[in-house]
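[1] Quick one, what's the 3D model for this:
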Amino acid sequence: MSDGLKDSGLREARAFSPASVANVAVGFDLLGYAVPDVGDTVTVRRIDAPEVRIAAIRGAAVELPLDAPSNTAGAALIALRQALGLTYGFEVEIDKGIPLSSGMGGSAASCVGALVAANALLDVPLSREQLYLYSLEGEAVASGSRHGDNLGPMFLGGLVLSTLERLVPVPVPAQWHSLLVHPDALLETRRARAA
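    A predicted model of the protein is given here:
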């Protein structure tokens, strides 16, 4: 589950968003679970300019877009700003902890981390379920469609059923465990969906 930490003196917040495993069993694009020990850390600063800027991305093996509308974190924050009619903007720094094209929700984690951190800077913070709706816009940038199977577990932790409208936590017996094996193979979500 992502957590935002606010430093009101600097108008800055930082959030960690865990990795996730999606498309669990028959839950294609709907069902996923969080992997709490790996994730992205996103720092967001509230700025006077009414825009979203991606200032830095660190830890990525390949170059990721700094253009906000082309970046999952940027697109989600743009959707948030527009929907709330904010007169101020955000500057974002992303520290990648999830390998790209690993199937562990790296694009979704940056998006969720940015929203949780920005939420800590809002005058009236939103619920995680409300933030989820904006995260769908960020996920669409990476995968070409709006689906929440990675996003929902990052917001709530555990196993989550994520429709386009809501998040439903799914109870899991404590005796169940998951083993995540990460091969040295890359498979981008957009390409996998095209195949």
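
[2] Can you give the distance from the longest strand anywhere in the chain to the centre of its chain?
    The longest strand of the chain (DSSP state E) is strand 31-47. The chain centroid and the centroid of strand 31-47 are separated by 6 Å under Cα atoms, centre = their mean, to the nearest Å.

[3] Who does that strand pair with, and is each partner parallel or antiparallel?
    Sheet pairing of strand 31-47 (DSSP bridges) gives strand 12-21 (antiparallel), strand 89-95 (antiparallel), strand 159-162 (antiparallel).

[4] Just the CA atoms of the next helix or strand after it, as CSV, please.
    Helices and strands here follow DSSP states H and E; after strand 31-47, the next one along the chain is strand 52-58. What follows is strand 52-58, C-alpha atoms only, in CSV (Å, rounded to 0.1, in the frame of the first residue of the first chain):
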residue,chain,number,x,y,z
VAL,A,52,2.8,19.3,-14.2
ARG,A,53,6.6,18.8,-14.7
ILE,A,54,8.6,15.7,-14.6
ALA,A,55,11.9,17.0,-13.2
ALA,A,56,13.8,13.7,-13.0
ILE,A,57,13.6,9.9,-13.3
ARG,A,58,16.3,7.9,-11.7
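
[5] Okay, angle between strand 52-58 and strand 89-95 too, please.
    Interaxial angle, strand 52-58 versus strand 89-95 (axes from the mean of the first three to the mean of the last three Cα atoms, to 10 degrees): 10 degrees.

[6] Packing partners of strand 52-58?
    helix 72-84, strand 89-95 (3 or more Cβ pairs under 8 Å, 6 or more residues apart in numbering; DSSP states H and E). All C-beta spots, glycine's among them, are computed from the backbone N, C-alpha and C.

[7] returning to that earlier point: please tabulate the strands paired with strand 31-47 in a markdown table, including the columns mean neighbour count and mean pLDDT.
    A markdown table is the format used below for those (neighbours: other Cβ atoms under 10 Å; pLDDT from 0 to 100):
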| stretch | mean neighbour count | mean pLDDT |
| --- | --- | --- |
| strand 12-21 | 24 | 94 |
| strand 89-95 | 22 | 98 |
| strand 159-162 | 23 | 88 |
